[in-house]
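Q: All I have is the shape, not the residue letters:
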């Protein structure tokens, strides 16, 4: 099986999130956590997938005027992706710009949950 591309990881993240909202009736906060947990195995196998999921979950939450502490803490440590094809690079650049714009607006609350943050650290190893 070939490696999942940045765009495929983004698409899966957005689809998962929407499914949790629409099909399961989750709140945005619950859907972010559920999507994160669904993505852990893929994120552990590929740095590209990890970056895609973390950026896109952050964008989704910031659009709802919150961000979980475990996502916010990891933004500074996301290394720049290299070696992307033109289409992936364009999407990645757009996502980074959107994320930075949302973060700079500071129109969000930080959801703090120490127990869940520890769980995230354990899941990501």
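A: Good, I have the coordinates. Quick caveat, the model's predicted, so the values are computed rather than measured.
Q: Now name the helix or strand holding residue 77.
A: Following DSSP states H and E, there is no helix or strand that holds residue 77.
Q: what's the pLDDT at it?
A: Residue 77 carries a pLDDT value of 81.
Q: burial of residue 63, as a residue count?
A: Counted with other CB atoms under 10 Å, the neighbours of residue 63 add up to 12. C-beta here means a position set from N, CA and C on the backbone, and glycine is covered the same way.
Q: what's stretch 58-69 in contact with?
A: Defining contact as CB atoms under 8 Å, 6 or more residues apart in numbering, one finds that stretch 58-69 is touched by 13-14, 17, 28-29, 32-33, 71-72, 75, 95, 98-99, 102-103, 107-113, 116-117.
Q: ok, now with 7 Å
A: By CB atoms under 7 Å, 6 or more residues apart in numbering, the list of residues contacting stretch 58-69 from outside reads 17, 28-29, 32, 71, 75, 95, 98-99, 102-103, 107-113, 117.
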